[in-house]
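J.: Structure of the sequence below:
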Amino acid sequence: MSQNQLDVRYVAGLARLELSDEEIAEFQPQLDAIMEHVDALKQLDIDGIEPTAHAAPVFDRMRDDLPHTSLPIEAVLQNAPDRSQNQIRVPKVVTDA
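T.: Numbers count the residues shown, from 1 in each chain. Here you go, the predicted model:
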């Protein structure tokens, strides 16, 4: 086992997962392949490349005719179909367990 390899049992323990011996035998080669890919990525020359948070540029999606400030609660509530106590009421979507 090379220095960069991880043991599936160790990772499963960190995640508090209980794996069978068959699952460990199945996942270890997969984890080894992932670590090999990480090693290959470490070899890339990334000098001069600016770090980014997103793969594609992210733009503000506000309409041009609206101010770029938050709307007052009254403006939001006036179009709400159901409201109560300065809040928008929505149907219950969670059932009791």
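
J.: pLDDT score for the residue nearest to Val76 when sequence neighbours are not counted?
T.: Spatial nearest neighbour of Val76, excluding adjacent residues (C-beta to C-beta, 6 or more residues apart in numbering): Ile88 at 7.5 Å. Any C-beta I mention is one placed from the backbone N, CA and C, and that applies to glycine too. The per-residue pLDDT reported for Ile88 equals 83.

J.: what does Ile46 give?
T.: 91.

J.: For it, the count of nearby residues, please.
T.: For Ile46, the tally of surrounding residues (other C-beta atoms under 10 Å) stands at 9.

J.: All further residue positions should be reported with the first residue as 36.
T.: Yes, from this point I'll number from 36; that puts the last item at Ile81.

J.: Using the three-state scheme, assign it.
T.: coil (DSSP: H, G, I helix; E, B strand; the rest coil).

J.: which residues does the residue nearest to Val111 form a beta bridge with?
T.: With DSSP bridges as the criterion, Ile123 is bridged to Arg118.

J.: Lowest mean pLDDT among the helices and strands of this protein, which one is it?
T.: helix 108-112 (a mean of 75; mean pLDDT, DSSP states H and E).

J.: In CSV, please show the C-alpha coordinates belonging to it.
T.: Once non-C-alpha atoms are left out, helix 108-112 reads as follows in CSV (Å, rounded to 0.1, in the frame of the first residue of the first chain):
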residue,chain,number,x,y,z
ILE,A,108,-42.1,42.7,3.2
GLU,A,109,-45.4,44.5,2.2
ALA,A,110,-44.5,44.3,-1.5
VAL,A,111,-43.8,40.6,-1.2
LEU,A,112,-46.9,39.9,0.8
